[in-house]
Each structure stands twice: as C-alpha cells, then as structure tokens.
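*Asks:* Here's my sequence, what's the structure:
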Amino acid sequence: MPLRAIEAAKLYREGYAPEIWLTHSTEPGETLEEMGIPFAGEDYYDTRVLIHEGVPQEAIHVLAPPIVNTADEIKVVASTLAREKGGAVIIVTTKPHTRRVRLLWRRLAPGQGRAIVRAAAGDPFDPRHWWRTTSDALDVVREVLGLLNAWAGLPLHPAQ
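*Replies:* Now for the predicted structure:
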C-alpha cells in the first residue's frame, strides 16, 4: 500500500478498467478489535488513495466476503467476475507476487474468465538483484514457498 492502488487508478484513468474492486482482509482488524484498538482496514486506505488519484467513489467496490490470503482473494474475485458476467479482470499486485497469482487463478478459477496480472510499476522489487536486500530476498522466499504450496494443491492453510 499504496502502490497497488496507485497502479489501479492509473489503469482506470487510462480506460482499461471501468471500476476498481478491492478485497477486505480480516486481519489485522479482528485481532486489533479484540484488543479494543480501531483499525480501518487496507481497503479503507486504498479507497482514499484511489479517490485522491481521480477514481470516483461510485467506481470503487469492496468485495465480500472478507479474505485471509491470496487464494481467498482469487476465489472472491472469480466469483464476482462470474456474477457480473465479465470476461476479464486485471489483478494488480506486487512484482514478486505475479507468478503465484497467475498460478492460483489457473488452479482456483478455471473457466471463470480471464485474469490479466499486472505488477505495480512503482514496486521497488528488483528481480535481477533480489538477493541484495533483505526485503527482496524475503519476498522471493515467501513466493517460492507459496508456489510450492499451490503446485502441491494448497495443502497448507492459514493459521487459525
């Protein structure tokens, strides 16, 4: 945040997307709520960024139900696309996350429309030199583990 929202706004302004769909994560909101700490949620801030970047409020939609991980996100987007009778959706993500998002779409949403996966242009991840920074290296390790889980049929699930 806010790189993906900025990229989505750019796609909207350029006419590639008639509306923007956001997902709503259950965490850390549920945990903070149990502690009595208010948390607006990433979708709240993404909405503010989108409006700031010129996307009208009526073109922004927060999808239900809430999600926990990328697999949940794919399922929610695919079912919404099917309900809307749409043909394609552009999924904006981070650079290291694109391969896993494509794989999960193929595994979890076959025949439910086409997904175009696009990395946020402003993402500082450097795929040619990912081992030079701890954040890039951690992104790669996380994605490799996520890809292995997806290739194995998603036997690992989020912690309860």
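*Asks:* just how off-centre is the longest helix anywhere in the chain within its chain?
*Replies:* Longest helix of the chain, by residue count under DSSP state H: helix 134-151. With C-alpha atoms, centre = their mean, to the nearest Å as the basis, helix 134-151 stands 16 Å off its chain's centre.
*Asks:* next one: stretch 121-134
*Replies:* With C-alpha atoms, centre = their mean, you get 19 Å for stretch 121-134.
*Asks:* Kindly provide the whole-number mean pLDDT of it.
*Replies:* Mean per-residue pLDDT for stretch 121-134: 93.
*Asks:* Can you measure across that stretch, start residue to end residue?
*Replies:* With C-alpha to C-alpha, to the nearest Å as the measure, stretch 121-134 spans 20 Å from end to end.
*Asks:* what's the longest helix of the chain packed up against?
*Replies:* Judged by 3 or more C-beta pairs under 8 Å, 6 or more residues apart in numbering; DSSP states H and E, helix 134-151 is in contact with helix 98-108. Backbone N, C-alpha and C define where each C-beta goes, glycine included.
*Asks:* okay, the angle between the helix it packs on and helix 134-151?
*Replies:* Angle of helix 98-108 versus helix 134-151, following axes from the mean of the first three to the mean of the last three C-alpha atoms, to 10 degrees, is 20 degrees.
*Asks:* What residues of helix 98-108 count as buried?
*Replies:* 98, 100-105, 108 (16 or more other C-beta atoms under 10 Å).
*Asks:* what do you get for stretch 84-91?
*Replies:* Buried residues in stretch 84-91, counted by 16+ other C-beta under 10 Å: 89-91.
*Asks:* What is the end-to-end distance of it?
*Replies:* End-to-end distance for stretch 84-91, by C-alpha to C-alpha: 16 Å.
*Asks:* And stretch 26-44, by the same measure?
*Replies:* From its first residue to its last, stretch 26-44 covers 13 Å (C-alpha to C-alpha).
*Asks:* same question, stretch 107-126
*Replies:* End-to-end span of stretch 107-126 (C-alpha to C-alpha): 27 Å.
*Asks:* if we can go back for a sec, of the buried residues of helix 98-108, which pair is most distant in space?
*Replies:* Among the buried residues of helix 98-108, the pair separated by the greatest distance (C-beta to C-beta) is T98 and L108, at 15.8 Å.
*Asks:* would you list every one of the strands in the protein?
*Replies:* 20-22, 60-62, 88-93, 114-119 (DSSP state E).
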